[in-house]
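[1] just coords:
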């Protein structure tokens, strides 16, 4: 049976017509999808601007389904999930982005940074640390280091915090010398508690060299030297404090009086305290002066001098406590009332958040700010 070539000639136009029809259908579907994706995107953007986050998420999900290869929509959706506190969904979105092989290195770094923020916000500090460490050498390096610093402060992991602060300091994006000094002081406290006092002294000396104008390394060093019975060394360290950070000298006034008595430097310490009182009057300085002044009556006159200089309920209460009155019973009642009234005035206050405490903090327990506590008490602010 011979093949009829006429059928072949008839099949060519039929195949051409079917191909043309299929291409038209594909183009039409593509146009519909392209119109739907931008509409969903702009609808989501409109919801977002109106702070309607639920509707915005629904619109962005629709846009992602229509165009799953668009990375920008994934980033927008992941950020929305994080802002709403849906961290597990944000992690899934950014992990999906990381698994894609078509991302550029810039987009991959961006996804890595977003994933690290998801873990950080969710409180998964170990996973956040791992994700942030992978951003070394990228455009997100400095942001990652700052986030790592926050993690190490929260977990009180001072050794790596010192390392990261050193990198930030050397990258010329601000000075982190004072922050490094605080971290070294924290490590010194841990070494002292463990009985390694020589290592603690070495850490404090390093902290003082990193932040020459910082008061904490010198005060902590003097305290440790006093604890070790090295009273002359402690006295010399506090002499350095007067020149390095005179504004914080009142914090060490009582310690100075103690070590000066132990090493026979009462006269030098007394002159030092009086000199500091003239520039920055404080009840703490007066009490240290009274401890060192051999003439008790003359020493108590310092409270009166302070009251002449500025009104002070603390000074008035201290003066009344040392005076003798004919009727001791009312005097005792008044004294007790004054002691109660002056308790809030004896506190230290954080300049950043207003948190008050009976002791001076270098690191505010309320807002976690460093060096936010004044050396002056509430009454003297």
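    Here it is on my side, so go on. Just so it is clear, the structure is predicted and the values come from calculations on it, not from any experiment. Residues are numbered from 1 along each chain as shown.
[2] Now do the buried residues in stretch 137-149.
    Neighbour counts using 16 or more other Cβ atoms under 10 Å place 138, 140-141, 144-145, 147-149 of stretch 137-149 among the buried residues. C-beta: built from backbone N, CA, C; applies to glycine.
[3] List the contacts of the one helix or strand residue 232 maps to.
    In the assignment (DSSP states H and E), residue 232 maps to helix 231-244. For helix 231-244, contacts defined as Cβ atoms under 8 Å, 6 or more residues apart in numbering pick out 212-215, 218-219, 221-223, 225-226, 248-249, 252, 255-256, 259-260, 262-263, 265, 268-269, 272, 276.
[4] Tell me which of the buried residues of stretch 137-149 fall in helices.
    With DSSP state H as the criterion, helices contain 141, 144-145, 147-149 from among these.
[5] Now distance to residue 101 and pLDDT too, for the residues you listed, in a markdown table please.
    Below are these laid out as a markdown table (distance: Cβ to Cβ, whole Å; pLDDT from 0 to 100):
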| residue | distance to residue 101 | pLDDT |
| --- | --- | --- |
| 141 | 24 | 91 |
| 144 | 24 | 92 |
| 145 | 29 | 91 |
| 147 | 27 | 92 |
| 148 | 29 | 93 |
| 149 | 33 | 92 |
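[6] Now render these as CSV, adding distance to residue 155.
    Output for these, formatted as CSV (distance: Cβ to Cβ, whole Å):
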residue, distance to residue 155
141, 21
144, 16
145, 16
147, 13
148, 11
149, 11
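[7] so how far is stretch 185-204 off the chain centroid?
    Its chain's C-alpha centre and that of stretch 185-204 lie 23 Å apart, by Cα atoms, centre = their mean, to the nearest Å.
[8] For that stretch, buried residues please.
    Result for stretch 185-204 [16+ other Cβ under 10 Å]: buried residues 185-189, 191-192, 200-201, 203-204.
[9] Next, check these against the helices and list the overlap.
    Judged by DSSP H, helices contain the following of these: 185-189, 191-192, 200-201, 203-204.
[10] on that earlier part again, reformat the buried residues of stretch 185-204 as TSV; add pLDDT and distance to residue 295.
    Compiled in TSV, the buried residues of stretch 185-204 are given as follows (pLDDT from 0 to 100; distance: Cβ to Cβ, whole Å):
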residue	pLDDT	distance to residue 295
185	94	38
186	94	42
187	95	44
188	95	39
189	94	39
191	94	42
192	94	38
200	95	39
201	95	37
203	95	42
204	95	37
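[11] Tell me the one of those residues nearest residue 376?
    Here the nearest of the buried residues of stretch 185-204 to residue 376, counting by Cβ to Cβ, is residue 185; it sits at 21.2 Å.
[12] For burial, what's the neighbour tally of residue 354?
    Residue 354: 11 surrounding residues under other Cβ atoms under 10 Å.
[13] What of the one 10 residues further on?
    Using other Cβ under 10 Å, residue 364 has 20 other residues around it.
[14] before we move on, back to that, just the buried residues of the contacts of helix 231-244.
    Among the contacts of helix 231-244, the ones that count as buried by 16+ other Cβ under 10 Å are 214-215, 218-219, 221-223, 225-226, 248-249, 252, 255-256, 259-260, 262-263, 265, 269, 272, 276.
[15] ok, which stretches of the chain are strands?
    Taking DSSP state E, the strands of the chain run over residues 348-349, 356-357.
[16] All good on my end, thank you.
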